[in-house]
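Visitor: just coords:
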């Protein structure tokens, strides 16, 4: 019987398959599921059209909503009895903000983030789904969200760099980077089972990389 650690956060770039994997793991292992409620952000569609104008409100809204959701969900959950699968980590708020905000706005945002970040438990494992930009763009086109269709390669590359810069300095939590290429674990059970086997192993604090 495969055993997963109690609190796993699935991360990845836009279009990597975070929510798909989180849904499947929660169903297969009877875990509480926490999914980011990004579609409620009214600033997201205009942000993709005019990023400089809407960057601060879009990031502030995301931070407030993620904080509210995690505070409510984690307060209701016994991590050691039920287990949790989430499709984001709260610090992604800061990573995306650093990528989109000018320096003065980011300094203000960082101060707010530090206040809101206090008290959340760390995941016991962060799983990062890594795909080449071409595969991300193919997935973005396939799922068909209108406001994502003009997503630039450079933006996806900068998001990827932000994650890896953070993971490279991570000293509190194991980070497992799964190199997926264009593999489709949603349709290929063998790929999914290989991913689960790798996730079930004991991983040291810091970043580890495995090619699936």
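Guide: Perfect, I can see it now. For clarity, every value in this text was computed on a predicted model and none was experimentally measured.

Visitor: hey, let's count contacts and neighbours off CA atoms from now on
Guide: Fine.

Visitor: list the contacts of the least confident helix or strand in the chain by mean pLDDT.
Guide: For the chain, counting by mean pLDDT, DSSP states H and E, helix 44-49 ranks last in confidence among helices and strands (a mean of 87). Applying CA atoms under 8 Å, 6 or more residues apart in numbering, the contact partners of helix 44-49 are 53-55, 58, 147-148, 150-151.

Visitor: which of those are buried, as a PyMOL select command?
Guide: Provided next is the PyMOL selection string for whichever of the contacts of helix 44-49 are buried by 16 or more other CA atoms under 10 Å:
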select buried, resi 54+55+58+148
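
Visitor: from the contacts of helix 44-49, pick the one nearest residue 4.
Guide: Using CA to CA, residue 148 is the member of the contacts of helix 44-49 that lies nearest residue 4, at 32.8 Å.

Visitor: in the one helix or strand residue 111 maps to, what's buried?
Guide: In the assignment (DSSP states H and E), residue 111 maps to helix 103-117. Along helix 103-117, the positions that meet the burial threshold by neighbour count (16+ other CA under 10 Å) are 106, 109, 113, 116.

Visitor: follow-up on the earlier one: roughly how far is the least confident helix or strand of the chain from the heart of the chain?
Guide: Distance of helix 44-49 from the chain centroid (CA atoms, centre = their mean, to the nearest Å) equals 20 Å.

Visitor: buried sites along it?
Guide: Within helix 44-49, the residues that qualify as buried by neighbour count (16+ other CA under 10 Å) are 44-45, 47-48.

Visitor: in JSON lines, list those along with distance to residue 165.
Guide: Supplementary listing: the buried residues of helix 44-49 in JSON lines, determined by distance: CA to CA, whole Å:
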{"residue": "44", "distance to residue 165": "25"}
{"residue": "45", "distance to residue 165": "27"}
{"residue": "47", "distance to residue 165": "24"}
{"residue": "48", "distance to residue 165": "24"}
